[in-house]
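1. Need coordinates for the below:
(one chain, ligands or ions: 1)
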Amino acid sequence: MQKYSNRLKTENKSVGFVPTMGYLHEGHLSLVRRSLKENDKTIVSVFINPTQFGPKEDLARYPRDLKRDERMLRKIGADTVFYPTAKEMYPKPYRTYVNVDCLTDALCGRSRPGHFRGVTTVVAKLLNIVKPDVAYFGQKDAQQAIAIKKMANDLNMNVGIKILPIVREPDGLAMSSRNSALSPKERSYATVLHKTLLLAKQMVGKGERSSAKVINKMRALIRQEDASRIDYISIVNPETLKPIKTIHGEALIALAVYIGRTRLIDNLKLKVR
Ligand code: PAF
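-> Coordinates of the predicted model:
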């Protein structure tokens, strides 16, 4: 992969990169399509990164189907799929990790200790291997996007980081590889994440400025759904990820909810004049 990237550099080809953990959906494909539009070559990685899963998390259950991913990528014209093995990415003994301080402590970082260290480490490694001009990520993982941007900036990485909007199913559910683990009943409950965000947007639109009041209503709506368990609901500053008490200026409303055994995340950015 590195030799190939070096060759593309000597040929003056611009390279767009979409890192994924596979089991692709329209959200990933929207990133690949954007990269195809903006670059000479588009490289997609498929690697289920073990270091971003906690010991009790769903690494073993994470959906995988490389053949299907390859077919989808070929159909839309991606140039290269890079699918290293865990042994190749983390030769033993592996000792080096990248950690973005502060930004990764709250929200998902609180309930998934070590998760973002795994994400930023693997993304740093993938960027060093693929050497893209631009890398594309989805806004659904808002905290991940912020941490990766900060890492690229703090470590003077010579790469542009682009964050593209969340792609949703027609009923509002944010696309995610994990949606495939939901039973039909759970799938219908899962729309509650988006409904809750819309409720928050409506409340703020009508003049509510208290984060606590908005969060309380969101909690109440989710609790009506069977099979759901709230991990967190937070209203934060979209740059620092620090909680905000009074909503004004820009705010990020983010939540994580278990539907059955599957943990889903979603978010919405608001701008209040
Ligand atoms: O968003 C994902 O799919 C993963 O966290 C990423 C960025 C590919 C790193 O493993």
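2. alpha carbons only for contacts and neighbour counts from here, please
-> Will do.
3. And whichever residue of the stretch 51-200 of the chain sits closest to the ligand, what's its pLDDT?
-> With C-alpha to the nearest ligand atom as the measure, residue 119 is the residue of the stretch 51-200 of the chain nearest to the ligand, at 4.9 Å. Looking at residue 119, its pLDDT reads 98.
4. OK, contacts around it?
-> Residues near residue 119 by C-alpha atoms under 8 Å, 6 or more residues apart in numbering: 49, 51-52, 144.
5. again with residue 269
-> 238, 250-253.
6. quick one on the thing from earlier: if we look at the ligand, which of the contacts of residue 119 are close to it?
-> residue 49 (C-alpha under 6 Å from any ligand atom).
7. Among the contacts of residue 119, which one lies nearest to residue 74?
-> residue 49 (22.9 Å; C-alpha to C-alpha).
8. Can you give me the neighbour number for that closest one?
-> Residues lying near residue 49 (other C-alpha atoms under 10 Å) number 19.
9. Not counting its neighbours along the chain, what's nearest residue 248?
-> Using C-alpha to C-alpha, 6 or more residues apart in numbering and skipping residues adjacent in sequence, the residue nearest residue 248 is residue 272, 5.1 Å away.
10. what's downstream of the helix ranked longest in the chain, the next helix or strand?
-> In the chain, assigned by DSSP state H, the helix with the most residues is helix 115-130. Sequence order places strand 134-138 as the next helix or strand after helix 115-130, per DSSP states H and E.
11. right, quick check: that next one against the ligand, any contact?
-> No. Using C-alpha under 6 Å from any ligand atom, strand 134-138 stays clear of the ligand, with a minimum separation of 7.0 Å.
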